[in-house]
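Participant: my questions concern the predicted model and sequence given below.
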Amino acid sequence: MAVAKSDASLQDKKGERLAWAFPLALLLPATALMLVLYAWPFVSSVYRSFLAKGGELTLANYQKAFELYFRDVVFSLEVAILSTIVAAILSITLSAYVRLSSGRLVKLISLLYRLPIFIPFVVVGQMMRTFLAPHGLLNIFLAQVGVIDLNAPLQLFNMQGLVLSFVWKQAPFMTLIILGGFQMIDDAFVEAARSVGANILQVILRVLVPMNRASISVAIILAFTSTVGTFTLPFMLIGGKIPTTVTVDIAHRVTYFGDWGVANALGVLMYLMVLIMAIYYLRYSVKKGIYEA
Amino acid sequence: MSRSKILVKAIEAVVLVFLCFFIFGPMLALVLWSVAMKWFWPHVLPQEIGLDYWAQALGLQKSLAIGAVSITDAFQTSIVIAVLVVVLAMLIAVPAGYVLAKYRIPFRGAILFLFLMPQAFPQQPVFVNLLFSFNKIGLTSTIHGVVLIHLMVSLVFAVWISSAAFKGIPPELEEAARSVGASRLRAFFQITLPLAAPGLLASAVFVFLTSLDEFTGTFFIGLPFISTLPMLLYSSSGYNLQFASVIAIVLLIPSILFMVIIERFLKAEYIGGVGV
């Protein structure tokens, strides 16, 4: 193993074949595990979506998926698009506020806003079940301020509640990524814009946002993909009600009917929902390497 | 202070109050429910509070109430699984992370691609198809099966975080050790590994939390026999709000506590991956 090569001796091209053997051997367990436990089932999910019960290739699973669950496919997309848009606006605003202000209050906010990021979805689900319930804390609060009548509370175990819950979890996560980008921008740019008379909105839209397209795109992509693919939260908040999300339908299809064909067709539809974003993210991350923020 | 400045401050204050309510309201609901002995509509706050549900859930007090849950078994299962996952994940991820940080290797792009895929696509179809395969080989509803699932979910993060830890160490240090006669192995164990230790520890903690909080994979592979804390939380949330709230808080505290400590070792993009 003394022939292994490090970064510093890369210029030395001799014996390269042998030098690869050692690092590749160290990479083998991780790569093999991901191939067997991730790549293989991923490919299977696409393959089985075209497989009839008898084993022949067919489009019947897709036909059945559309017949039974078209409404849920639209619902899932609506939830993901709506939550991502709301979370993006909130997180860009919050990031800009923290970036452009100073003082103790801002420091406190920049610590506190992170809390939801660390809370697992199953806990978020439980929280929102109590918070958003017809007589839960949100409705009680709104009734106290006089916005609603508690005899006709807001019903939130539906799309609105789901979007609200996703925004609660994703907006702080997006803020973490976007604020990181904003903080890399030199004060000089902000001051230059201010000195020629730009107001705060112009500073955000003309300086901060354009200079941070990459971090904002990554935040939007990861939030959208995670929202489309999350099973836990809709399962706990909405469950089998109609309409529900595709992720809940997949679980239903598998656990009640053992119907792998339709479940996988729905899975592939989910891949298609995020496909363009996934390609952008993969190309961007592989090209950029993994260490730069 | 001019009138417009006062207005700005006032708007700022109102926005902050709503933001705080938005962030803390759901958490407050959880805390209130976990101590609510009696809370009937339309009372704004619980009529009677106490720690009985906590005592029963933690197994300190026997309960005869219908639907009472003791979390001690699920807690043990969760910890055993999480510890196994941490050990296996670190054994696999540390060498892989080291290679990705320090060597230029063939197929690098393809390997990065493979390790980034789970972030870029929904994972549920993968769990479903693993369930199909695990059914055939008898891994469903076993500790082994759940450990494998958690390992798959956490491994990519473990590799990235470990790799970043190694990347931060200047290669000159290891070379200096080797130039005075240390073998490559010795240089690694005496120089690089100790310097990377904080980052690797952060990686291990991240893996631990990922396993502790994992729901979706365990739901497909672990049920009905393997009941971790998130599974118990789900199954009790339907009929017993108080117990579910207690479990939720038990899961929430280590997540927040440790993530706040290790956050500086993590790239923002990975943090969203915990507890799916």
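Facilitator: Great, that's in hand. No experiment lies behind these values; they were computed from the predicted model shown.

Participant: all contacts plus neighbour counts: C-alpha atoms, from now on.
Facilitator: Fine.

Participant: the closest residue to B:Leu130 other than its chain neighbours: neighbour count?
Facilitator: Nearest residue to B:Leu130, sequence neighbours excluded (C-alpha to C-alpha, 6 or more residues apart in numbering or on different chains): A:Pro41, at 6.0 Å. A:Pro41 sits with 23 neighbouring residues when counted by other C-alpha atoms under 10 Å in any protein chain shown.

Participant: run a quick neighbour tally on whatever residue of the stretch 1-150 of chain A ends up closest to chain B.
Facilitator: Closest residue of the stretch 1-150 of chain A to chain B, C-alpha to the nearest C-alpha: A:Pro120 (4.1 Å). Residues near A:Pro120, counting by other C-alpha under 10 Å, number 29.

Participant: what does it show for phi and psi?
Facilitator: The phi/psi pair for A:Pro120 (degrees, to the nearest 10) reads phi -70, psi 150.

Participant: and the gap between B:Ile49 and chain A?
Facilitator: B:Ile49 sits 16 Å away from chain A, taking C-alpha to the nearest C-alpha, to the nearest Å as the criterion.

Participant: equivalent analysis for B:Leu51, please.
Facilitator: 19 Å.

Participant: contacting residues for that residue?
Facilitator: Contacts for B:Leu51 (C-alpha atoms under 8 Å, 6 or more residues apart in numbering or on different chains) come out as B:34-35.

Participant: near chain B at all, the helix or strand hosting A:Glu78?
Facilitator: A:Glu78 belongs to helix A:60-100 when elements are defined using DSSP states H and E. No: Helix A:60-100 stays clear of chain B (C-alpha under 8 Å from any C-alpha of the partner chain), getting no nearer than 10.0 Å.

Participant: can you check stretch A:274-291 too?
Facilitator: Yes: contact of stretch A:274-291 with chain B (C-alpha under 8 Å from any C-alpha) involves A:274-275, A:277-279, A:281-282, A:285-286, A:290-291.

Participant: tell me, how many residues neighbour A:Lys77?
Facilitator: Not quite, residue A:77 is Leu, not Lys. A:Leu77: 19 neighbours (other C-alpha under 10 Å).

Participant: make that A:Ile216, sorry
Facilitator: Residues near A:Ile216, counting by other C-alpha under 10 Å, number 22.

Participant: now it, what are its backbone angles?
Facilitator: phi -70, psi -40.

Participant: how close does it sit to A:Ile89?
Facilitator: 11 Å (C-alpha to C-alpha, to the nearest Å).

Participant: so where's chain A shaky on pLDDT?
Facilitator: A:1-18, A:289-293 (pLDDT under 70).

Participant: now the helices for it?
Facilitator: Remark: helices assigned in chain A by DSSP state H are A:16-34, A:40-48, A:60-100, A:104-112, A:121-131, A:137-144, A:159-184, A:187-195, A:200-202, A:209-211, A:213-229, A:232-237, A:246-257, A:260-288.

Participant: chain A - how does it break down into domains?
Facilitator: Using automatic domain parsing, the domain ranges for chain A come out as A:1-48, A:68-119+A:159-292.

Participant: of those, which stretch is the most buried?
Facilitator: domain A:68-119+A:159-292 (a mean of 19; mean count of other C-alpha atoms under 10 Å in any protein chain shown).

Participant: gap between that one and the chain center?
Facilitator: Domain A:68-119+A:159-292 sits 5 Å away from the centroid of its parent chain (C-alpha atoms, centre = their mean, to the nearest Å).

Participant: before we move on, what about stretch B:33-44?
Facilitator: 30 Å.

Participant: so for that stretch, mean pLDDT?
Facilitator: Mean pLDDT, stretch B:33-44: 78.

Participant: in that stretch, what counts as buried?
Facilitator: B:33-37, B:39 (16 or more other C-alpha atoms under 10 Å in any protein chain shown).

Participant: so can I have CSV of the residues you listed showing distance to B:Ser163 and secondary structure?
Facilitator: As requested, the buried residues of stretch B:33-44 are exported to CSV (distance: C-alpha to C-alpha, whole Å; DSSP: H, G, I helix; E, B strand; the rest coil):
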residue, distance to B:Ser163, secondary structure
B:Trp33, 42, helix
B:Ser34, 41, helix
B:Val35, 43, helix
B:Ala36, 46, strand
B:Met37, 49, strand
B:Trp39, 50, coil
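
Participant: widest-spaced pair of those?
Facilitator: Longest distance between any two of the buried residues of stretch B:33-44 is 11.1 Å, between B:Ser34 and B:Trp39; criterion C-alpha to C-alpha.

Participant: circling back: the helices of chain A: which one's closest to B:Val146?
Facilitator: helix A:16-34 (14.5 Å).

Participant: helices or strands up against the closest one?
Facilitator: helix B:72-102, helix B:108-120, helix B:143-167 (3 or more C-alpha pairs under 8 Å, 6 or more residues apart in numbering or on different chains; DSSP states H and E).

Participant: just these: most buried one?
Facilitator: helix B:143-167 (a mean of 25).

Participant: so which elements touch that one?
Facilitator: Packed next to helix B:143-167, using 3+ C-alpha pairs under 8 Å, 6+ apart, are helix A:16-34, helix B:72-102, helix B:193-213, helix B:216-221.

Participant: compare those and give me the one nearest B:Phe258.
Facilitator: Among those, helix B:193-213 comes nearest to B:Phe258, with 7.3 Å by C-alpha to C-alpha.

Participant: any residue of the closest one touching chain A?
Facilitator: Yes: using C-alpha under 8 Å from any C-alpha, we find that helix B:193-213 touches chain A at B:Asp213.

Participant: okay, and for the stretch 51-200 of chain B, where does confidence drop off?
Facilitator: In the stretch 51-200 of chain B, residues with pLDDT under 70: B:63-69.

Participant: the same query, at a cut-off of 80, please.
Facilitator: Applying pLDDT under 80 to the stretch 51-200 of chain B flags residues B:59-70.
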